[in-house]
Structures are given as C-alpha cells and as structure tokens.
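Visitor: okay, here's the prediction I keep looking at, along with the sequence it came from:
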Amino acid sequence: MAAPMDTVEKPTVPNRTINWTVIAVGATALVSLTGRFKVEVAGFSVRPEHLATLVLAAVVFARADGRAAGLRALRHPVVLLFGAYLVWGAFSSLLFSPRLTKSAAILGWLGLDWLLLVTLLSVGAAVTVVRRLSGPISFAWAAAGFLTFVIANATKGSARLGTQFEYNHNLYVAVLTAFESNIYATFLLLWTLLFVLGTMKGWRTIAAISIVFPLGLIAAQTRASLAALGAGVALYVAYEAIRQKRSGQRNLALFVAPVALLVGTAVMLGAFKFATGALEQEPAPPPVKTVQVQTPQGTTAVITVPVAPGNTHVNLDKLSATDEQSRGGTLDFRKQILILAAQDMHGANLWFGNGVNTYPLRHDRPAQYGGGTGDLSMLPAQILYDAGIVGVLILSAMFGAVMWRTPPSRRPLAAGILGCFLIASALTSAFWFSPIWMMIAFLMQPSAESEGGPASPPTPESVH
C-alpha cells in the first residue's frame, strides 16, 4: 500500500483576500534571496527582506481574522521558544555587551525573523506557496549562478556581476544576490531539498534538477555544501524508511528524486573535476598588496593580502570567508577564531554568553588572515558565544519543537531540511536570513492527517 500524502488545512483568511496574502508570501520568499543588499539607517543595516517581512505582517494583521490567527500563533511552542531565545540574548547583551547598539542590530534582525514566523503561522494554507515556489527558485538560482560563474571566469573578471573572487581555486564563484558564496550555496541546497524531498516527481523533472542543481554547486565551489547535501538526503531517506516501516505502507517513489539528486550531483561534480582539474590544481599566486593592520594587542603588523584580478583596492573589513583560504586554509582560519572565542567562554560567560554579536567587538581577524573586523560565523560557536549554554539549550529545544509540531508524514522532509541547514551553518551561518524561517513555517503547517482527518491519496507533485 502506498504511503499517504498529507493535505493542508483550508486557508484561515477569506477567499476575497487570499490572493493578496499568497502574493505577499510569495514576494517575501523571492525577496529573501537578496541578502547582499542593504542600506544603513541610523547605524542599522536595513535589508529588503526586513521590509518584506513588515509588509507581509501589515497585509496579514490588517484584518481582524488575521490578528486572531496571530494571537493563536503567539502560543505556538516554537514561537515561544524562539522568543525566549531573543529575551535571553537581550538579557545577556545587557549584562556583557561592550556596545549595546551592535547587539541590538542583530537582535532586531532576529526579532523580524520571529515576526515572520508568527505571520506565516497565521496565514493558513497560504504558506504552501513557499513550497510551490521552491522549484522555480531552485532551477533559476542554480542556472543563474552557473551562468555568472562561466561568464566571470571566461572574461577573467571583466564581467563579474553576481560573483566574488575565491583565492583558493583562483576562480570567480557565484553569489548572485546572496550575502556571499556559502550563503548562496546554502539557499540553493534548502530550496532544492524543499522541492525534491517528500514528493513524487516525473522523470523529466528528476533529470532536469539532477543536472541543473549540481551546476549551481559547481558555481559556488563550497565543499561544505556537499556534506550538507549528503546529510540532508541521508536523514530524509532514513526517516522516511522508518516512517514507512512503522506505518506498514510502502512508497518507494518517494526515494527516487533525492537519490537521483545525490547521484547526479556526484556525477556532475566528478565530470567537472575530471574535465577541468580546477578542484585539484594548485592555485596560481594571486596579485598581492602590502598593507598595515592593527593587531588585537594594539601593535601594527605589515602583511600582504591578495587582490582579485582587476581590483587595486583592498577593504579589510569586507574580505569574504573564502579569502582566508589563500592564507592558511579555511579550517585553519576557523580554528584560530575558535581559539580566540574560547578565551571568552568561561565562568558565567560560558552559561550566560557574552552578548549577541559581541565577538567582533572583542576580537579582530587574525593578522595573518588580513586583520580587520572579526567574525564568528559558525552557528554552534556563534550561539554558544553569544548566549552561552542556556542559549544553546533554548535553541535546541526550539528545533526539537519544530520536529514535534511538524505533521508525521512531513517529518522526513523536516529532518532533511533541518539537518542540511545545521550542517551548512556549522561553517557559515544562514541563521539570520529569512528562507529557513519560511520553510519552518511551512513544515509546521497542519495537515488533514495531523488534525485527524483522512489523508489524500498519493499523486505526483503533491505537497507532502
């Protein structure tokens, strides 16, 4: 017998307004990809996704039924736990932050993520537009990234729109409108897994995504994304296999697309590696520039830093995460900043944290990696540093609550999405950006099955 597909509950907003709600949710999903752009307002960075969240909230809560749904959403355990983390982060910042405005900037960003989650939990079935957009976003994001990757490298950087120079491989890599290449790859992974996992796809769709998606990973040149993809697919397959065994219902078609995606990615990356040798070539020494940097000890050091072809200016505060690879390797760089972070995580700070976004206020980037403002971008270390063991426990409970409140038939999808996100964010965190919160809201959307109603029969491309 085939495994049942879950169905979502009816919209909680009237039919005459559902189109506006769906449009607002869809626009928010698209705008969430534009994290590269920002405007400084009174010392705070305002991004398009922040404005989109406020517009969406205004659309939803302008009506009495939307406000009523919002009040119900405020009692949701995931909302409560996320809110508890924000309160704890604010408390830690009040105690330990050297500059409260810096902590407030990130707390405000996370506060907007919280508002986005509450809003999307208030729109009923309209949140499923996030799933419906996952296919178009995945295909377009991968194809556009690969196109910019090819053009930038073919022109040796003369036309490098949507890319950044990556010194480890001496290549321009895709970022498009994302914050940087690792975030581009994380978005690609999440949207693709949301599209592929838990649905039965036609063979043409499976073949297309198994070709186009790997092109996007090639364009990003990030090794962490491969581990995140493998973890996401493995968790989904394992969870789905256990679910089907327990229910006594088998549907092998639900395994075809994710396995094909994994195999297609391995084949495409292998073909790229064989054809170009780019992943194994010793990178040519990039052009360098000698600069003076201020060390954390207050002394001045003279170092050389690479300059991308076509550029003559080095902005030490904006060196991307990939730039460190040419000066000792990414892993060595992260080891060095973890050593610096560990100096502040003891006693009360180990439990209470050091305040949100305070690592850059206490530590510069190691001089051998270019100096400038420090950055602790690894999610587990970031949360432990900012909010201590208590903060880590709160967020762990929150992610556990996400799985608990996800309908049973959708939990394999949740396992794949969350597993992929946590692995990818272990090296470069996408925790602040909107896509993961939109996906969490979709995952927890109640289904007819979870409400005790009949499950719909399995159909190709149906929401699962």
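Guide: Received it, and whenever you're ready, just let me know what you need. Numbering: from 1, shown residues only.
Visitor: quick one: low-confidence ranges for the chain?
Guide: Counting by pLDDT under 70, the chain shows low-confidence ranges at 1-18, 277-330, 366-374, 448-464.
Visitor: tell me which element the closest residue to Ala159 other than its chain neighbours falls in.
Guide: Once flanking residues are discounted, Ala159 sits nearest to Ile151: 5.2 Å by C-beta to C-beta, 6 or more residues apart in numbering. Glycine gets a C-beta too; all of them are placed from N, C-alpha and C. Following DSSP states H and E, one finds Ile151 within helix 129-154.
Visitor: how far does that helix sit from the chain's center?
Guide: How far helix 129-154 lies from its chain's middle: 15 Å, per C-alpha atoms, centre = their mean, to the nearest Å.
Visitor: do stretch 126-133 as well
Guide: 17 Å.
Visitor: make 246 the first number, not 1, from now on.
Guide: Renumbered: residue one is now 246, and that last one reads stretch 371-378.
Visitor: and the helix or strand that comes right after the helix holding Ile396, what does it pack against?
Guide: Heading C-terminal from helix 374-399, the first helix or strand you meet, by DSSP H and E, is strand 408-411. Using 3 or more C-beta pairs under 8 Å, 6 or more residues apart in numbering; DSSP states H and E, the elements in contact with strand 408-411 are helix 374-399, strand 416-419.
Visitor: any idea which of the ones you listed gets closest to Ser679?
Guide: Nearest to Ser679, of all the helices and strands packed on strand 408-411, is helix 374-399, at 10.4 Å by C-beta to C-beta.
Visitor: list the buried ones in that closest one?
Guide: Neighbour counts using 16 or more other C-beta atoms under 10 Å place 374-376, 378-380, 382-387, 389-391, 393-398 of helix 374-399 among the buried residues.
Visitor: strands along the chain, start to end?
Guide: 284-286, 289-291, 408-411, 416-419, 533-539, 545-551 (DSSP state E).
Visitor: strand partners (parallel or antiparallel) of the third one?
Guide: It stands for strand 408-411. strand 416-419 (antiparallel) (DSSP bridges).
Visitor: can you check the second one too?
Guide: Using DSSP bridges, the neighbouring strands of strand 289-291 in the sheet come out as strand 284-286 (antiparallel).
Visitor: what are the contacting residues of the strand it pairs with?
Guide: For strand 284-286, contacts defined as C-beta atoms under 8 Å, 6 or more residues apart in numbering pick out Ser290, Val291.
Visitor: buried residues in that strand, which are they?
Guide: Of all the residues in strand 284-286, not one is buried under the rule 16+ other C-beta under 10 Å.
Visitor: please apply the same query to stretch 643-656.
Guide: Met643, Phe644, Ala646, Val647, Arg650, Thr651, Pro652, Ser654, Arg655, Arg656.
Visitor: what distance separates that stretch from the middle of the whole chain?
Guide: 19 Å.
Visitor: what's the answer for stretch 347-356, then?
Guide: 17 Å.
Visitor: and stretch 504-514, by the same measure?
Guide: The answer for stretch 504-514 is 21 Å, by C-alpha atoms, centre = their mean.
Visitor: contacts for that stretch next, please.
Guide: So stretch 504-514 is contacted by 437, 441, 451-452, 454-456, 458-460, 462-463, 471, 474-475, 478, 482 (C-beta under 8 Å, 6+ apart).
Visitor: check stretch 269-283 too.
Guide: Contact with stretch 269-283 is made by 290-294, 296-298, 300-301, 304-305, 361, 365, 368, 371-372, 374-375, 378, 382, 386, 420-425, 428, 432, 678-680, 683, as judged by C-beta under 8 Å, 6+ apart.
Visitor: show me which residues of it are buried.
Guide: Using 16+ other C-beta under 10 Å as the burial criterion, the residues of stretch 269-283 that qualify are Ala269, Val270, Gly271, Thr273, Ala274, Val276, Ser277, Leu278, Thr279, Gly280, Arg281.
Visitor: in helices, which of the residues you listed fall?
Guide: Assigned to helices by DSSP state H, the following of the buried residues of stretch 269-283 qualify: Ala269, Val270, Gly271, Thr273, Ala274, Val276.
Visitor: give me every residue that touches the closest residue to Leu667 other than its chain neighbours.
Guide: The shortest distance from Leu667 to any non-neighbouring residue, by C-beta to C-beta, 6+ apart, is to Leu624 (7.2 Å). Counting by C-beta under 8 Å, 6+ apart, Leu624 touches Leu667, Ser670, Ala671, Ser674, Phe676.
Visitor: change it to 10 Å
Guide: By C-beta atoms under 10 Å, 6 or more residues apart in numbering, the residues touching Leu624 are 640, 666-677.
Visitor: would you mind measuring from Phe394 to Ile668?
Guide: Distance of Phe394 to Ile668, computed by C-beta to C-beta, to the nearest Å: 23 Å.
Visitor: same deal with Thr408?
Guide: On the measure of C-beta to C-beta, Thr408 and Ile668 end up 25 Å apart.
Visitor: these two: which is more packed in?
Guide: Thr408 (25 against 22; other C-beta atoms under 10 Å).
Visitor: tell me the bridge partners for the more buried one.
Guide: Beta-bridge partners of Thr408, counted by DSSP bridges, are Ala419.
Visitor: that one reaches Leu416, doesn't it?
Guide: Yes: with contact defined as C-beta atoms under 10 Å, Thr408 reaches Leu416; the gap is 8.9 Å.
Visitor: any idea how far Val332 is from the residue lying closest to Arg312 once chain neighbours are set aside?
Guide: Once flanking residues are discounted, Arg312 sits nearest to Phe306: 5.2 Å by C-beta to C-beta, 6+ apart. Distance, Phe306 to Val332, by C-beta to C-beta: 22 Å.
Visitor: who has more neighbours, these two?
Guide: More crowded of Phe306 and Val332, by other C-beta under 10 Å: Phe306, with 19 against 12.
Visitor: distance check, that one against Val368.
Guide: Distance of Phe306 to Val368, computed by C-beta to C-beta: 10 Å.
Visitor: what do you get for Leu340?
Guide: Leu340 is 37 Å from Val368, by C-beta to C-beta.
Visitor: quick one: which of these two has more around it?
Guide: Set Leu340 next to Val368 and count neighbours by other C-beta under 10 Å: Val368 wins out with 27 against 13.
Visitor: these two touch, right, the more buried one and Leu361?
Guide: No: using C-beta under 10 Å, Val368 makes no contact with Leu361, being 11.1 Å away.
Visitor: which residues do these two both contact?
Guide: With C-beta under 10 Å, 6+ apart, Val368 and Leu361 have common neighbours Leu301, Ala686.
Visitor: that older thread, would you list the helices and strands packed on strand 408-411 in CSV and tack on distance to Thr467?
Guide: Output for the helices and strands packed on strand 408-411, formatted as CSV (distance: least, C-beta to C-beta, whole Å):
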stretch, distance to Thr467
helix 374-399, 11
strand 416-419, 8
